[in-house]
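# Mind folding the following:
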Amino acid sequence: QVQLVESGGGLVQPGESLRLSCAASGRSFSVYTMGWYRQALGKQRELVASITSSGNTNYADSVKGRFTISRDNAKNTVYLQMTGLTPEDTAVYYCNAQRVLLATLKTLYYWGQGTQVTVPS
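Numbering: from 1, shown residues only. A predicted model of the protein is given here:
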């Protein structure tokens, strides 16, 4: 079982930066692929960025060059550094942890409670 707690959301002006953090409790944090998703009002949840246990990263096209995901396995924490924020980035941001159990090939998913990021127009 993994528990995820996000922090760092808030209200920022267009062009400003924000760093989100997600602290994980539980075992074996380092083996999980960690991700940040977001859900804007009236829209589906979408992947923003992910980072594998080996450090490989993946980004949504809309955030490439502006957002950076990183992880600190010693602190059981994953970060999302966001720069050049626009009103289109307004959403609830969720932290996600997932891993595949090799014995059963079952994928485990865990979600945080979300943190609001608001960029007014």
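
# And the most centrally placed residue in the chain, what's its pLDDT?
Nearest to the mean C-alpha position of the chain, by CA atoms, centre = their mean, lies residue 36 at 1.9 Å. Note on residue 36: pLDDT of 98.

# Secondary structure element holding it?
Here residue 36 sits within strand 33-39, counting by DSSP states H and E.

# circling back to that earlier point, tell me the contacts of the residue nearest to the centre of the chain?
By CB atoms under 8 Å, 6 or more residues apart in numbering, the contact set of residue 36 is 20, 22, 47-50, 69, 78, 80, 93-96. For every residue, glycine as well, the C-beta is placed using N, CA and C.

# Give the PyMOL command for selecting the buried subset of those residues.
Burial among the contacts of residue 36 is assessed by 16 or more other CB atoms under 10 Å; the matching PyMOL selection reads:
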select buried, resi 20+22+48+49+50+69+78+80+93+94+95+96
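
# Sheet partners, orientation included, of the longest strand seen in the chain?
Assignment by DSSP state E gives strand 91-101 as the longest strand of the chain. Pairing partners of strand 91-101, with direction, according to DSSP bridges: strand 33-39 (antiparallel), strand 106-111 (antiparallel), strand 115-118 (antiparallel).

# does the residue lying farthest from the centre of the chain count as helix, strand or coil?
When distances are taken from the C-alpha mean of the chain, residue 103 lies farthest, 27.1 Å away, according to CA atoms, centre = their mean. Here residue 103 is coil, with the state taken from DSSP: H, G, I helix; E, B strand; the rest coil.

# pLDDT score for it?
We have a pLDDT of 92 for residue 103.
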